[in-house]
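Q: model this:
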Amino acid sequence: MSLTLTTPITGGAQTGLTTPTYTISADTPPTSSGKQYAVTALGGTQTGVDTSSSVSRPFTVTLQRPATFKSLGPVDPVTGALRSVPRNTFSVIVRKGVTPLAGQSPVVLLAKTTIDVPAGADVADAANIRAAMSLMVGAFNQVSAGLGDTLISGVI
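A: Below you'll find the model as predicted:
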């Protein structure tokens with residue numbers, strides 16, 4: 001199954017945002033090994049949030065896979081152990097233009113999630129990879145508002 005976002009995206013709960021949704025459209029990704037979407041409209045109540053992506057104030061989400069997948073090397077003939085286990089890195093990056101001080105030019109906020117999958121685990125242990133993703137997405141959903149509050153207050 002392909003990793004494709006559909007529009008609108010229902011946002012996670014956040015203090016000050018009521019039923020946030022984001023209308024997206026396909027955008028040009030920074031590399032050929034990814035997909036990127038730009039926010040073109042907002043839904044719900046999001047007072048003070050820019051309504052769409054622009055050059056100086058981007059609002060994008062990028063889904064990226066490794067440009068070249070790594071595989072397992074040979075097992076040590078003496079010990080029977082793998083000499084090394086390379087990792088395939090996937091990432092989700094959200095870019096959002098924010099104002100650091102009233103009257104100043106926007107600066108891009110970067111939110112990055114990287115997932116380093118040991119080569120071979122996709123075949124040997126797919127269920128546990130899926131469980132890890134399930135937990136991560138569930139944790140993000142559960143702490144969405146708290147994470148936003150922490151980024152503002154600094155209190156964890």
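Q: only C-alpha atoms for contact and neighbour calcs from this point on.
A: Will do.
Q: skipping adjacent residues, who's closest to the residue nearest to the spatial centre of the chain in space?
A: Most central in the chain under C-alpha atoms, centre = their mean is Val92, positioned 2.6 Å from the mean C-alpha point. Excluding its sequence neighbours, the residue lying closest to Val92 (C-alpha to C-alpha, 6 or more residues apart in numbering) is Leu63, at 4.8 Å.
Q: so how far is Pro58 from the closest residue to Ala121 other than its chain neighbours?
A: Closest residue to Ala121 apart from its sequence neighbours, by C-alpha to C-alpha, 6+ apart: Ile129 at 7.6 Å. Between Ile129 and Pro58 the computed distance is 31 Å (C-alpha to C-alpha, to the nearest Å).
Q: these two: which is more packed in?
A: Neighbour tally, Ile129 and Pro58, criterion other C-alpha atoms under 10 Å: the higher count belongs to Pro58, 21 against 14.
Q: show me the helices in this structure, by range?
A: For the chain, applying DSSP state H gives helices covering 121-124, 126-153.
Q: low-confidence regions, this structure specifically.
A: Counting by pLDDT under 70, the ranges of the chain that qualify are 1.
Q: tally up the residues packed near Gly73, please.
A: Per other C-alpha under 10 Å, the neighbour tally for Gly73 reads 13.
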